[in-house]
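Trainee: One predicted model, sequence on top.
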Amino acid sequence: MDLSARRPTPAALGPLLRGPLPVATGGLLLGLLGGVAVATLGPLLPTLLLLGAVGATLILVEPRWGLLATLGVVALLPFGTLPFKVGLTPTLLECALGLTWLVFAIRLFLRREERLLPSAIDGPLALFLIVTVFAFVLGLSGSYTTATIHDYVKLVLSVSLFFLITNLLRTRRDLGLALTALGGLGAAAGALGLGLWALGPGAERFLARLAIIGYPTGKIIRYIEDDPAKAIRATGTGVDPNSFGGLLMVVLVVLVAQFAARRPLVPRPLTVPAIPVVGLCLLLTQSRASWLGAAAGVVFIAILRYRWLLPPMALGVPVVLALGIGQSFIMRFVLGLRLQDPATRLRLAEYQNALAIIREHPAFGIGFGTAPSIDLQAGVSSVYLTVATRLGLFGLAIYLIVLAVLAIRLWPAIVGHALPDSAEREATLALAGSIVAAVVAGVLDHYFFNITFSHMVALFWGLAALAVVAAPRAGEAGRDGGRQGL
């Protein structure tokens with residue numbers, strides 16, 4: 001008997017392999033592996049690994065997905081790392097930005113039609129990065145650790161998000177998707193922050209599970225002035241209530257501006273429920289710098305375009321006082337203005353300490369390590385004093401020049417009366433308002449330029465890049481009836 005005659009041929013196996021059996025078998029194996037992983041490791045890590053695999057695949061297909069992944073990490077898992085070490089432990093932010101840069105660079109190399117799109121900010125910002133490198137090298141003789149070097153790399157990578165956005169987002173649809181993602185992810189972060197705040201100390205057991213991806217295991221629940229007898233501060237998954245407040249601050253300004261816009265790029269079904277969620281969570285962070293920044297940003301957009309917002313804002317405080325709601329928040333803000341609470345007095349001591357460092361190292365600062373004298377400390381709650389102590393007055397001057405060039409670039413698109421109304425023009429105003437909020441909050445806090453808060457550095461330069469993308473066509477889009485091309 002010829003047994004080979006009974007052996008299935010490849011041609012005979014073809015229909016079988018294309019049928020439902022391989023799909024069902026693959027699904028069963030995947031489900032089995034997933035069940036084993038969940039039973040062994042818990043649901044968090046397998047879910048994150050699945051999301052990471054899907055996200056990496058999408059980025060490899062289209063690098064713009066990497067920008068959305070970066071926003072997702074900034075909003076929801078800013079301190080997340082890979083659950084294993086590769087020499088150092090890469091953060092999720094590094095993975096998203098690094099993979100996006102890799103795919104973008106490969107596309108530039110392989111596609112002749114692909115080209116870089118320069119902006120007026122590129123030169124000053126590149127010079128600022130060069131100054132940081134110079135200050136970093138000067139500080140190598142200090143107490144740098146492996147963590148310090150790693151944090152500095154994350155800082156530079158976060159600033160580089162500006163160049164990615166200005167080169168990858170080129171249409172109105174891209175801009176609208178980015179703004180909608182920012183608003184939606186910010187609302188999700190606010191909702192998560194409210195839920196965890198409502199749990200009180202009970203939230204610790206949930207947040208402790210994030211230790212598997214690099215989150216801290218101590219000091220998880222944060223209180224006003226670190227006093228457990230006082231109110232709990234909302235942190236969400238942002239660890240630090242002040243930086244979490246900074247995220248909610250800029251998102252709130254964008255949401256309010258897009259809610260008031262005649263031609264919003266963020267859908268109103270999102271802005272309407274998101275504003276109270278983000279606003280309430282912002283209050284519960286107890287971050288007065290973020291409160292002040294949010295107020296400055298909203299007043300900015302109201303004065304320039306949406307003046308009908310001013311009366312409700314003016315009536316808000318007396319109504320709250322009359323109803324007896326939120327008096328503790330107002331009292332906390334007043335105590336800060338009067339310099340009567342420990343946190344404010346600590347800030348004043350930090351300012352004096354920073355000025356002493358600047359006097360000793362005025363030109364190029366002390367780099368990114370610790371202060372060279374045991375009598376001084378490098379940390380200070382101000383972006384501008386932080387830049388001055390780290391990079392010197394020269395670095396601070398370059399930083400302010402970058403902000404000035406950014407303002408000059410955006411101003412005509414915001415206030416140009418000859419320009420017709422357009423979705424892009426209103427989006428530019430929304431983003432400019434969020435930048436104003438960040439600039440104001442930066443007077444009293446440092447997270448927008450701090451190597452331990454690289455996600456907030458990425459957020460700031462991401463907002464600047466989105467504004468630069470929207471501004472050039474703010475008038476043109478209105479004249480041509482809102483074409484898709486930006």
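Mentor: Yep, that arrived.
Trainee: need the contact list for residue 125.
Mentor: Contacts for residue 125 were tallied using CB atoms under 8 Å, 6 or more residues apart in numbering; they are 159, 162, 402, 461. To be clear about C-beta, it is placed using only N, CA and C from the backbone, and glycine gets the same treatment.
Trainee: before we move on, what about residue 284?
Mentor: Contacts of residue 284 by CB under 8 Å, 6+ apart are 193, 194, 197, 233, 234.
Trainee: Could you rerun that using 10 Å?
Mentor: 190, 193-194, 197-198, 231-236, 241, 244-245, 248, 329 (CB atoms under 10 Å, 6 or more residues apart in numbering).
Trainee: Break down this protein into its strands, ranges please.
Mentor: 222-223, 232-233 (DSSP state E).
Trainee: out of the contacts of residue 125, who has the most neighbours?
Mentor: residue 162 (26 neighbours; other CB atoms under 10 Å).
Trainee: is it true that it touches residue 459?
Mentor: No - assessed by CB atoms under 10 Å, residue 162 is found out of contact with residue 459, at 11.2 Å.
Trainee: Give the burial count for the closest residue in space to residue 114 that isn't next to it in sequence, as a bare number.
Mentor: Excluding its sequence neighbours, the residue lying closest to residue 114 (CB to CB, 6 or more residues apart in numbering) is residue 108, at 5.2 Å. Per other CB under 10 Å, the neighbour tally for residue 108 reads 13.
Trainee: pLDDT weak spots in this structure?
Mentor: 1-44, 85-87, 142, 316-317, 319-341, 374-375, 416-420, 473-486 (pLDDT under 70).
Trainee: So in it, which helix runs the longest?
Mentor: Scanning the chain for the helix with the most residues, using DSSP state H, yields helix 383-415.
Trainee: Name the residues that touch stretch 51-66?
Mentor: 67-70, 72-73, 77, 80, 82-83, 92, 95-107, 161, 164-165, 167-170, 174, 177-178.
Trainee: Contact partners for the residue nearest to residue 114?
Mentor: 114, 115, 116, 167.
Trainee: Residue 163 versus that one, what's the distance?
Mentor: Relative to residue 163, residue 108 is positioned 12 Å away (CB to CB, to the nearest Å).
Trainee: got any residues that touch both of the two?
Mentor: Shared contacts of residue 108 and residue 163, counting by CB under 10 Å, 6+ apart, come down to residue 116.
Trainee: quick one on the thing from earlier: can you give me the buried ones in the longest helix of the chain?
Mentor: 383-392, 394-396, 398-399, 402-403, 405-406, 409-410, 413-414 (16 or more other CB atoms under 10 Å).
Trainee: same for that helix, what does it pack against?
Mentor: helix 122-138, helix 288-304, helix 342-360, helix 423-441, helix 454-470, helix 474-479 (3 or more CB pairs under 10 Å, 6 or more residues apart in numbering; DSSP states H and E).
Trainee: Report the backbone C-alpha coordinates of the fifth one in CSV.
Mentor: Extracted C-alpha coordinates of helix 454-470, given in CSV (Å, rounded to 0.1, in the frame of the first residue of the first chain):
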residue,chain,number,x,y,z
SER,A,454,10.2,64.7,32.2
HIS,A,455,6.6,64.0,31.3
MET,A,456,5.7,67.6,32.2
VAL,A,457,8.6,68.9,30.1
ALA,A,458,7.2,66.9,27.2
LEU,A,459,3.7,68.3,27.9
PHE,A,460,4.9,71.9,27.8
TRP,A,461,6.8,71.6,24.6
GLY,A,462,4.1,69.5,23.1
LEU,A,463,1.6,72.3,23.7
ALA,A,464,4.0,74.8,22.2
ALA,A,465,4.4,72.6,19.1
LEU,A,466,0.7,72.2,18.6
ALA,A,467,0.3,75.9,18.8
VAL,A,468,3.1,76.4,16.2
VAL,A,469,1.3,73.8,13.9
ALA,A,470,-2.0,75.6,14.2
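Trainee: hang on, isn't residue 171 packed against residue 423?
Mentor: No - assessed by CB under 10 Å, residue 171 is found out of contact with residue 423, at 11.9 Å.
Trainee: Might one say that residue 467 is in contact with residue 438?
Mentor: No - taking contacts as CB under 10 Å, residue 467 lies outside contact range of residue 438: 11.4 Å.
Trainee: Which of residue 171 and residue 423 has more residues huddled nearby?
Mentor: residue 423 (22 against 14).
Trainee: Can you tell me the closest non-neighbouring residue to that one?
Mentor: residue 263 (4.1 Å).
Trainee: go on, residue 131?
Mentor: residue 395 (4.7 Å).
Trainee: picking that back up, could you measure the residue nearest to residue 423 against residue 310, distance?
Mentor: Distance from residue 263 to residue 310, by CB to CB: 21 Å.
Trainee: go on, residue 303?
Mentor: From residue 303 to residue 310 the distance is 8 Å (CB to CB).
Trainee: try residue 453
Mentor: Here residue 453 is placed at a distance of 33 Å from residue 310 (CB to CB).
Trainee: For those two, work out which one has more neighbours and name it.
Mentor: residue 453 (26 against 13).
Trainee: My read is that that one contacts residue 379, right?
Mentor: No - with contact defined as CB under 10 Å, residue 453 does not reach residue 379; the gap is 11.9 Å.
Trainee: which residues are in contact with both of those two?
Mentor: Joint contacts of residue 453 and residue 379 (CB under 10 Å, 6+ apart) are residue 446.
Trainee: okay, the strands of the chain, which one's buried deepest?
Mentor: The highest mean neighbour count among these, using mean count of other CB atoms under 10 Å, belongs to strand 232-233: a mean of 21.
Trainee: For the stretch 101-250 of the chain, which segments are assigned as helices?
Mentor: 122-138, 146-159, 161-168, 172-199, 204-207, 241-260 (DSSP state H, counting those that start in this stretch).
Trainee: List the contacts of the shortest one.
Mentor: For helix 204-207, the external contacting residues (CB under 10 Å, 6+ apart) are 44, 195-196, 199, 215-217, 220-221, 235-237, 239.
Trainee: and it, how far from the chain's centre?
Mentor: 23 Å (CA atoms, centre = their mean, to the nearest Å).
Trainee: okay, now the residue nearest to residue 293 when sequence neighbours are not counted: neighbour count?
Mentor: Nearest residue to residue 293 in three dimensions, chain neighbours excluded: residue 441, at 3.2 Å (CB to CB, 6+ apart). The number of residues packed near residue 441 is 29, by other CB under 10 Å.
Trainee: what residues are up against residue 441?
Mentor: Residue 441 is in contact with 242, 245-246, 249-250, 287-294, 296-297, 382-383, 447-448, counting by CB under 10 Å, 6+ apart.
Trainee: One more: residue 443?
Mentor: 289, 292, 293, 381, 382, 383, 384, 385.
Trainee: circling back to that earlier point, of the contacts of stretch 51-66, select the buried ones using a PyMOL command.
Mentor: Selection command for PyMOL covering only the buried members of these, criterion 16+ other CB under 10 Å:
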select buried, resi 67+68+69+70+72+73+77+80+82+92+95+96+97+99+100+101+103+104+161+164+165+167+168+169+174+177+178
